[in-house]
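Visitor: Got a predicted structure here, sequence first:
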Amino acid sequence: MTKLIEAIIQVWYQGSKQKKLPKNSRIHAKASTVLILRVLRERQSAQYYAIIVDSTPDSSHVEQTTFLLRFLIRHESRFEMVERFLKFVDCSDKTGSQIAQIISETLENHAIPLADCRTEGYDNVANMSRKCHGAQAIIKEQYPTAIFYSCGCHTLNLCGNDAAECIPEAGTYFGTMQTIYTLFSCSPKRWKILAKRIGC
């Protein structure tokens with residue numbers, strides 16, 4: 001399996017070299033390759049893992065999906081739970097089946113068997129968590145050992161948001177804060193003035 005992983009990384013790296021990338025890009029590609037290879041080796045030694053997938057639009061309004069792996073690493077007489085970044089994937093597709101396909105393909109492209117997945121961690125959005133057509137249900141149908149857990153932090157955030165909406169003063173406060181943030185964040189010049197005034 002390690003040779004397969006190394007072969008995949010080597011083919012990817014050779015492809016990036018053939019594109020005549022600038023020197024810094026080649027250095028970045030090489031460093032990324034080394035880090036991904038390290039993560040894949042750690043995951044392989046652990047065998048079982050949890051996949052954590054979440055998405056958000058970036059500053060250019062492209063939906064970026066983040067893939068994280070969580071697994072145990074053994075250190076002589078103790079174990080350590082680690083969380084490792086795997087990849088960003090552009091994800092404009094939003095149905096549960098499309099997201100499940102992206103998850104499967106991303107793991108397959110990194111030679112990570114979904115059969116070794118023991119936990120799926122996603123937010124509470126219906127296309128991820130729905131019991132029939134959500135991404136978790138589709139993956140669990142194929143791999144019953146991949147148990148779904150919703151993100152506790154996301155749930156807590158939703159509770160806090162709903163609680164704040166019940167108090168008119170809180171709605172006014174957070175609305176004002178959002179307006180101020182929007183005013184300053186859309187202009188680098190205004191952002192610099194704000195940062196200088198508040199001492200950041």
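Guide: Yep, that arrived.

Visitor: Would you state the strands of the protein in chain order?
Guide: Using DSSP state E, the strands of the chain run over residues 49-57, 63-75, 78-90, 117-122, 147-150.

Visitor: what separates the most centrally placed residue in the chain from D123, distance-wise?
Guide: A centroid search over the chain (CA atoms, centre = their mean) returns T66, at 1.9 Å, as the residue closest to the centre. Going from T66 to D123 by CB to CB, to the nearest Å gives 11 Å. For every residue, glycine as well, the C-beta is placed using N, CA and C.

Visitor: Which residues does the residue nearest to D54 when sequence neighbours are not counted form beta bridges with?
Guide: If you skip the residues right next to it in sequence, D54 has T66 as its closest partner in space, 5.5 Å away by CB to CB, 6 or more residues apart in numbering. In this entry, T66 is beta-bridged to D54, F88, by DSSP bridges.

Visitor: My read is that T66 contacts C91, right?
Guide: No. T66 lies out of contact with C91 (CB atoms under 8 Å); the separation is 9.7 Å.

Visitor: Need the residues touching each of these two.
Guide: Common neighbours of T66 and C91 are listed as S55 (criterion: CB atoms under 8 Å, 6 or more residues apart in numbering).

Visitor: Now list whatever residues contact both of T66 and D123.
Guide: If you check T66 and D123 against CB under 8 Å, 6+ apart, the residues they both contact are D54.

Visitor: picking up where we left off before, the residue nearest to D54 and Y143, how far apart?
Guide: With distances defined as CB to CB, the gap from T66 to Y143 amounts to 21 Å.

Visitor: Domains in the protein, by residue range?
Guide: In the domain annotation for the chain, the residue ranges read 1-45, 47-166 (automatic domain parsing).

Visitor: Return the most buried member of the ones you listed.
Guide: Among the domains of the chain, ranked by average contacts under mean count of other CB atoms under 10 Å, first place goes to domain 47-166 (a mean of 15).

Visitor: That one - what's its average pLDDT?
Guide: For domain 47-166, the mean pLDDT works out to 83.

Visitor: Span of it from start to end?
Guide: End-to-end distance for domain 47-166: 46 Å, by CA to CA, to the nearest Å.

Visitor: Tell me which stretches of the chain form helices.
Guide: Counting by DSSP state H, the chain has helices at residues 2-18, 23-46, 96-109, 126-129, 135-142, 152-165, 168-185, 188-198.
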